[in-house]
Every structure is written in structure tokens, then in C-alpha cells.
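Trainee: Sequence and predicted structure are below.
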Amino acid sequence: MSGFTRHRRSRRIIATFTGFEADLLRSLAGQLVELLRNEAAVPRDDLDPLKAMLDFTGPTVAPEDPVLARLFPTAYPGDEEAAGEFRRYTEGGLRDGKTAAACRIIEDLEEAGLPDELTEDGLMIDVELDEPVAETWMRSFTDIRLALATRLGIEDGDEARWMALPDDDPRAQAHDIFEWVGYLQETLVGALTR
């Protein structure tokens, strides 16, 4: 994979993924969606639409899951009451936005030809995004990387620790995925700024 580039004539953002890469990216986005939807803060679908819009009964405490706590940090660490009120009014909408962004990645990959189940060797997936959609992908890459970094315990300046792991160590492989998503994000930012 060569990363994202901007097409000279159409000005759209393009990338080509192997079937394996596209399937991995879909899996990462799907796992993020599942995590975001499986918490108590998920909006209820059984409410009347108007009532749902006016429903401000969201969570008032930080999520217990470390990934969710990182994705939804406390706005006012020194003021528990203000932090709870802020979270109550904002977390549901933030979850919806993050979920929609990850779902967009899945939808775009599948629209580009990624089958439900990858069985074909040599499959290549060409993705073409306009700027607003590319920005959505970029935001979701940030969420995916934060989730991976939190689960793996990645910290600034600990590259030597990861480089010392043997190639067959599952943590090294997961760290490679973290780095790969970072590469995708970096090339996407570069393509957007050209």
C-alpha cells in the first residue's frame, strides 16, 4: 500500500489497499463501533424521535473502559459536578459522531468492492474520497489509534520497547498495526493539505 494521495485532475483523495489491508481496516473500524455502541451511553432507539432529541439523560461519570475514558476524557477534572453535567449533554452526540465516522470507513471499503468475507487472494481495493469524507476517515483513524495505544499501553518515547519484541510476539504485530494506521493517517493529512 502506498498510502493516500490526491488525484491530479479530480482533486479527490485516493488509495489502493490489498484485500487483506482493507479487511483489517474494516475490522478495526468495526471493533471501534462495537465498543462505542455497547456502553450504557448509547442512545435508545425505542424513544419517540422528538423525545430522543430532547433526551439529556446521558452518563454523568467517566466510562470504566480505559479506551472509552481516553476517547471521552473528563472536561473538568477538578469539578466533578460540572464534569458530570458536561458529559451528560455531550457524550451521546460525541459517540454518535465517532460511530458514524467508523461506519463510513466500513461502508466506503465495501462500496469499493470489499466482500463480506475475504476469500480471494490478490484482491485490490481502490478507494476514492472527497475532502469531507477524507476528513471523516482521518478523525476515525485518530480514534482507532487512541484505542490501540490504550489497549497496548503505548506511551511517548517507548519505541525501543516495541522494537525489542520478537517479530512473532502478538504485541509486536499489534504495534505494527498501530504504526500502519498512523502511516495511513499521515499520508491522508498530506493528501488533504496538497
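Mentor: It's in. Only a predicted model underlies this, so the values are computations on that prediction, with no experimental measurement involved.
Trainee: For this structure, name the helix or strand with the lowest mean pLDDT.
Mentor: helix 49-53 (a mean of 55; mean pLDDT, DSSP states H and E).
Trainee: After that helix, which helix or strand is next? Please name it.
Mentor: helix 66-71 (DSSP states H and E).
Trainee: Give me the contacts around that following helix.
Mentor: 35-36, 39, 62-63, 98, 143, 146-147, 150-151 (CB atoms under 8 Å, 6 or more residues apart in numbering). Any C-beta I mention is one placed from the backbone N, CA and C, and that applies to glycine too.
Trainee: Just the buried residues of the residues you listed.
Mentor: 35-36, 62-63, 98, 143, 147, 150 (16 or more other CB atoms under 10 Å).
Trainee: Now render those as a markdown table, adding pLDDT and secondary structure.
Mentor: Output for the buried ones among the contacts of helix 66-71, formatted as a markdown table (pLDDT from 0 to 100; DSSP: H, G, I helix; E, B strand; the rest coil):
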| residue | pLDDT | secondary structure |
| --- | --- | --- |
| Leu35 | 94 | helix |
| Leu36 | 94 | helix |
| Ala62 | 86 | coil |
| Pro63 | 90 | coil |
| Lys98 | 97 | helix |
| Asp143 | 98 | helix |
| Ala147 | 96 | helix |
| Thr150 | 96 | helix |
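Trainee: Same list (the residues you listed) but as JSON lines, adding distance to Glu135.
Mentor: Rendered in JSON lines, the data for the buried ones among the contacts of helix 66-71 read as follows (distance: CB to CB, whole Å):
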{"residue": "Leu35", "distance to Glu135": "22"}
{"residue": "Leu36", "distance to Glu135": "19"}
{"residue": "Ala62", "distance to Glu135": "27"}
{"residue": "Pro63", "distance to Glu135": "26"}
{"residue": "Lys98", "distance to Glu135": "14"}
{"residue": "Asp143", "distance to Glu135": "13"}
{"residue": "Ala147", "distance to Glu135": "19"}
{"residue": "Thr150", "distance to Glu135": "23"}
